[in-house]
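Asker: Quick one: sequence and predicted model below, then my questions.
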Amino acid sequence: MNLPPFRIEQYYERHEFTTRYMVSSSDCESWTLQKLLSLEPDALDRLLAIRCGYTESRGAPELRRAIAATYQTIDADEVVVTTCAEEAIFLVYHALLGPDDHAVIETPCYESALQLARSTGAAVGAWHRVLADGWAHDLDALGHLLQPSTRVLYINQPHNPTGTLMSRSTFDRVAGLAQELRLTLFSDEVYRGLEHDPADRLPAACDRDQHAVSLGSVSKSYGLPGLRIGWIASHDETLRRKVIDLKHYTTICASAPSEELSALALRHGSELLARNCGIIRRNLGLLDEFLGRHADTFKWVRPTAGPIGFPRTTGVGDVDGFCERLAAAGVLLLPGSVYDEPDHVRVGFGRANLPEALAVLEEALTG
């Protein structure tokens, strides 16, 4: 297995903890442990009573029940907990793909979604979307990409980095195509629950198709990336068994305290999502005004879900150098080169301090 450098994480390794304002973050405002534990009166006592031993490889039963409750047709035995969504992506690909197989990946995408598929030895095709088409999903192009050896179709809805969301009719056609061709629809749903209009929310893929896999996490929608808890949900018992067998070679099990805290958060998931959606709605209005004042520099398709967007830049020269200069001024944008989209930047608007950050960004652009 030969993996190239993970460009997004390399960039954040250099800048995330030294730049004052993150105007590129893909997650929402984090919760403190104190705030999280205040959700239930005995939560602290339960946390302090946890033994710091191994937990079940498939995940603690309490957590799996809490995860299952977020779906329509999934029960606790159909959930496998992982140490973050990243591990789940690795495990699912290596459970399903090998050198004689083919996968189709929706792009632009979080780099691991593409590179970890390639790491299996499988051939990989990119179902590419572009700003000029309004980030539309070209179903004809998808049809041309599919091959007799295609085993996995990866989609990410709501989408990182564009902040867009498939229409229900498009999703139904994609899911139907996967069923017809007996592909595994691998649906990255880590931003589910952050639709700007709740009426636009898509069904979880695992609720739509017996062989589909839904990927979830407490990192993005719930604002708890420090807990490092992700999961897959699927009715496919054979796949789940393969994932668990592979997990014995990666992390074996998740952190017991993190599982306890994640179960607590998910039991109160509606409260966490409501707070984060409120921050997003407020900040999106501010970002709209900001981008309107700088329309000669930024052009975007306005996001419809999640805390991120992916505007194209004009007149700034080298975008990587542009982002480095902004980082030195105290505000961090993510250059689109990490998505192989060098004319774009990713902006994030899920953090509570965005008003202050935009003031610094404004000064850096106009000063």
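Answerer: Yep, it's here. Residues are numbered from 1 along each chain as shown.
Asker: ok, the nearest residue to residue 100 once chain neighbours are set aside - contacts?
Answerer: Leaving aside its chain neighbours, residue 100 sits nearest to residue 149 (6.5 Å; criterion: CB to CB, 6 or more residues apart in numbering). The C-beta positions use only the backbone N, C-alpha and C, and glycine is treated the same way. Contacts for residue 149 (CB atoms under 8 Å, 6 or more residues apart in numbering) come out as 100-102, 123.
Asker: Let's see which of the residues you listed end up in helices.
Answerer: In helices, defined here by DSSP state H, there are no members of the contacts of residue 149.
Asker: From these, keep the buried residues only.
Answerer: Using 16 or more other CB atoms under 10 Å as the burial test, these include 101-102, 123 as buried.
Asker: With distance to residue 177 added, can I get those residues in CSV?
Answerer: Compiled in CSV, these are given as follows (distance: CB to CB, whole Å):
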residue, distance to residue 177
101, 18
102, 15
123, 19
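Asker: ok so, going back, and the residue nearest to residue 100, how far is that from residue 174?
Answerer: Residue 149 sits 19 Å away from residue 174, taking CB to CB, to the nearest Å as the criterion.
Asker: Same question for the helix or strand hosting residue 66: list its buried residues.
Answerer: Assigned by DSSP states H and E, residue 66 belongs to helix 61-68. For helix 61-68, a neighbour-count test (16+ other CB under 10 Å) marks 62-68 as buried.
Asker: and if you look at stretch 232-251?
Answerer: Residues of stretch 232-251 classed as buried under the neighbour-count rule (16+ other CB under 10 Å) are 232-236, 239-240, 242-244, 246-247, 251.
Asker: So which of those residues belong to helices?
Answerer: When those are checked against helices (DSSP H), the matches are 239-240, 242-244, 246-247.
Asker: where's the closest residue to residue 43 other than its chain neighbours relative to residue 271, distance?
Answerer: Taking CB to CB, 6+ apart as the measure, residue 43 lies nearest to residue 37, with 4.4 Å between them; neighbours along the chain are not counted. Distance check for residue 37 against residue 271: by CB to CB, it reads 14 Å.
Asker: cool, residue 65 as well?
Answerer: The spacing between residue 65 and residue 271, counted by CB to CB, is 18 Å.
Asker: got it, and residue 55?
Answerer: Taking CB to CB as the measure, residue 55 falls 25 Å from residue 271.
Asker: who has more neighbours, those two?
Answerer: Ranked by neighbour count (other CB atoms under 10 Å), residue 55 and residue 271 place residue 55 first, with 21 against 11.
Asker: Report how many residues lie close to the spatially closest residue to the more buried one that is not a sequence neighbour.
Answerer: The spatially closest residue to residue 55, leaving aside those adjacent along the chain, is residue 253, at 4.6 Å (CB to CB, 6+ apart). Close neighbours of residue 253, defined as other CB under 10 Å, add up to 19.
Asker: Name the SS class of residue 253, please.
Answerer: On the three-state scheme (DSSP: H, G, I helix; E, B strand; the rest coil), residue 253 is labelled coil.
Asker: Contact partners for it?
Answerer: With contacts defined as CB under 8 Å, 6+ apart, the neighbours of residue 253 are 54-57, 59, 247.
Asker: go on, residue 364?
Answerer: If a contact means CB under 8 Å, 6+ apart, then residue 364 has 325-326, 329-331 as its contacts.
Asker: Test my guess that residue 218 contacts residue 264.
Answerer: No. With contact defined as CB atoms under 8 Å, residue 218 does not count as touching residue 264 (10.3 Å).
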